[in-house]
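Colleague: no FASTA, just this:
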């Protein structure tokens, strides 16, 4: 097991605790909720095996579901988010040898590419959560409004988290 595995595991558990204890209880203007638990899925290396990526996404969602009393909503949304991770990033950067083993971050991709990628992932996850939760397309306006609000709120929070988490190689040590 590598050092980055344990580092990602520790960050995952911390973000799950923050999600369950704080973020699930905050609804900004009755529209937006922050979903910080997706940060590790967004940030995992691109060369990670697909099975590990899907397993990581499912277990992250399962732990949030267990502690949030939401039957399978986060598990399904996190697993689908893990599936669309690669196509979403490769929509903004070309798939070549340089981007094959990149770890998506603000310092690695730059604000333009990383901002588009992070917002897309936040919006996809928010849309999935609200569509799965409501399972009713009669309130399409509410679903889209809550998805956009939550995506913007999540984007801003995760951008702040990403600027706080700096690895040693990014520091130049």
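Modeller: Good, I have the coordinates. Because the structure is a prediction, the values reported are computed rather than measured. Residues are numbered from 1 along each chain as shown.

Colleague: Need the residues that contact the host helix or strand of residue 126.
Modeller: Residue 126 is part of helix 111-134 when elements are defined by DSSP states H and E. By CB atoms under 8 Å, 6 or more residues apart in numbering, the surrounding residues in contact with helix 111-134 are 35, 38, 41-42, 70, 73-74, 76-78, 80-81, 84-85, 88-89, 91-93, 104-106, 108-109, 142-144, 146-148, 150-152, 154-155, 158-159, 162. Any C-beta I mention is one placed from the backbone N, CA and C, and that applies to glycine too.

Colleague: What average pLDDT does it get?
Modeller: Mean per-residue pLDDT for helix 111-134: 91.

Colleague: residue ranges of the helices in the chain, please?
Modeller: Taking DSSP state H as the criterion, the chain carries its helices at 3-21, 39-43, 50-68, 73-90, 97-100, 106-109, 111-134, 140-164, 168-171.

Colleague: Against residue 72, how distant is the residue lying closest to residue 40 once chain neighbours are set aside?
Modeller: Among residues not flanking residue 40 along the chain, residue 12 sits closest, at 4.6 Å (CB to CB, 6 or more residues apart in numbering). Here the distance between residue 12 and residue 72 works out to 19 Å (CB to CB, to the nearest Å).

Colleague: Among those two, which residue is more densely surrounded?
Modeller: For residue 12 and residue 72, the more surrounded residue by other CB atoms under 10 Å is residue 12, and the numbers stand at 19 against 12.

Colleague: Per-residue pLDDT of that one, please?
Modeller: With respect to pLDDT, residue 12 scores 79.

Colleague: and what of the one 3 residues further on?
Modeller: Per-residue confidence at residue 15 stands at 84 (pLDDT).

Colleague: possible to save the helices of the chain as a markdown table with distance to residue 30?
Modeller: Below are these laid out as a markdown table (distance: least, CB to CB, whole Å):
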| stretch | distance to residue 30 |
| --- | --- |
| helix 3-21 | 19 |
| helix 39-43 | 24 |
| helix 50-68 | 18 |
| helix 73-90 | 19 |
| helix 97-100 | 39 |
| helix 106-109 | 30 |
| helix 111-134 | 13 |
| helix 140-164 | 9 |
| helix 168-171 | 38 |
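
Colleague: wait, which of those helices is closest to residue 28?
Modeller: Proximity to residue 28, assessed across the helices of the chain by CB to CB, is greatest for helix 140-164 (5.9 Å).
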